[in-house]
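The amino acid sequence is not available; the structure is as follows:
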């Protein structure tokens with residue numbers, strides 16, 4: 001066990017770290033000192049749980065505690081929160097000092113590697129270095145499975161959905177220049193087909209759809225009708241739909257596929273009967289509408 005001494009801030013400093021700091025202060029007293037520190041459980045003083053870097057040691061420890069109380073941050077905050085719930089506060093110890101950021105990063109990586117090799121269960125998510133970012137770090141399959149299981153089946157509350165809708169409604173619209181840049185960046189990148197276009201899924205074979213045999217109530221139909229009327233009453237929406245389909249022509253292969261699908265549907269006894277019944281209803285409605293218009297013209 002290395003000898004340590006407690007400073008005025010309540011942070012313990014190993015003897016070798018104090019010696020290194022004294023040498024640095026003697027050689028360059030005007031330069032800000034960087035510190036590599038470790039967080040320890042008071043119940044396990046010989047077992048380090050986190051290694052970090054800072055210029056203000058006491059303020060950094062207080063920030064760790066604030067983040068843990070607020071439930072923010074990754075694994076480290078969860079560990080500190082468990083100590084706080086048991087009435088303990090993590091102990092901060094100075095591990096090394098440095099003058100430049102490069103030396104600080106190197107010292108942090110060295111300490112993390114050394115403590116991991118010694119069997120310390122560190123809560124660090126990275127191997128150390130400035131910022132401790134996890135950007136670009138591949139996620140393990142086990143972690144993905146845990147995240148999926150944690151969120152599977154969860155449904156947002158009505159209040160949460162209302163907040164998201166309100167935030168999106170007041171979101172600043174994307175400018176035409178930004179849209180052009182996004183379009184140019186995505187051009188040429190192959191996009192995977194949606195799941196519905198990849199053919200039947202073996203994991204869904206034999207599963208009964210949740211809405212099979214369910215008929216919409218009159219209230220639901222009216223809500224859908226009013227929603228569509230409101231949507232198509234917007235001139236911008238009508239213009240977008242018109243522009244999206246203008247100039248598009250189906251290929252001969254697509255036409256042939258549609259024709260074959262309709263032919264198979266009409267030849268199927270059950271589906272053919274439904275199609276013929278629906279066609280007869282549409283014809284009857286069309287004739288009734290034409291007759292009504294004719295009567296209105298004759299009345300005028």
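Everything's here; your move. Since this is a predicted model, take the numbers as computed values, not measurements. Numbering: from 1, shown residues only.

Hmm, residue 51 is touching residue 126, no?
No - contact criterion Cβ atoms under 8 Å: residue 51 and residue 126 do not qualify, at 10.4 Å. Yep, even glycine has a C-beta here, placed from its N, CA and C like the rest.

Those two - which one has more neighbours?
Set side by side, residue 51 and residue 126 show more neighbours around residue 51, with 27 against 14, by other Cβ atoms under 10 Å.

Just to be sure, the more buried one is in a strand?
Yes - assessed with DSSP: H, G, I helix; E, B strand; the rest coil, residue 51 lies in a strand.

OK, contacts around it?
With contacts defined as Cβ atoms under 8 Å, 6 or more residues apart in numbering, the neighbours of residue 51 are 36-39, 95, 108, 111-112, 115, 122, 124, 128.

any weak-confidence spans in the stretch 1-150 of the chain?
For the stretch 1-150 of the chain, the stretches with pLDDT under 70 are 1-32, 130-137.

now the helices for it?
Chain-ordered helices for the stretch 1-150 of the chain, with DSSP state H, counting those that start in this stretch as the definition, fall at 15-27, 57-69, 75-85, 101-117, 141-151.

Give me the distance between the longest helix along the chain and the centre of its chain.
If you go by DSSP state H, the chain has its longest helix at helix 269-299. A distance of 50 Å separates the centroid of the chain from that of helix 269-299, by Cα atoms, centre = their mean, to the nearest Å.

Which strands and helices lie in contact with it?
helix 252-267 (3 or more Cβ pairs under 8 Å, 6 or more residues apart in numbering; DSSP states H and E).

pLDDT of the helix it packs on, averaged?
Averaged across helix 252-267, the pLDDT comes to 90.

Also stretch 177-194?
pLDDT averaged over stretch 177-194 gives 82.

which parts of it are buried?
Of the residues in stretch 177-194, none count as buried by neighbour count, 16 or more other Cβ atoms under 10 Å.

Does residue 41 touch residue 47 like I think?
Yes - between residue 41 and residue 47 there is a contact under Cβ under 8 Å: 6.6 Å.

Between these two, which is the more surrounded one?
Set side by side, residue 41 and residue 47 show more neighbours around residue 41, with 19 against 15, by other Cβ under 10 Å.

Which single one of the contacts of residue 51 is nearest to residue 285?
Using Cβ to Cβ, residue 124 comes nearest to residue 285 of these, at 69.6 Å.

And that closest one, how far from residue 106?
Going from residue 124 to residue 106 by Cβ to Cβ, to the nearest Å gives 15 Å.

Of the two, which one has the most company?
Counted by other Cβ under 10 Å, residue 124 and residue 106 do not tie: residue 124 has more neighbours, with 20 against 16.

Residue ranges in the stretch 151-300 of the chain under the pLDDT threshold?
For the stretch 151-300 of the chain, the stretches with pLDDT under 70 are 193-198, 299-300.

go with 90
For the stretch 151-300 of the chain, the stretches flagged by pLDDT under 90 are 151-158, 161, 164-177, 179-216, 221, 229-251, 261-279, 282, 285-286, 288-300.

pretty sure residue 84 contacts residue 64?
No - at 10.4 Å, residue 84 and residue 64 do not qualify as touching, with contact defined as Cβ under 8 Å.

All good on my end, thank you.
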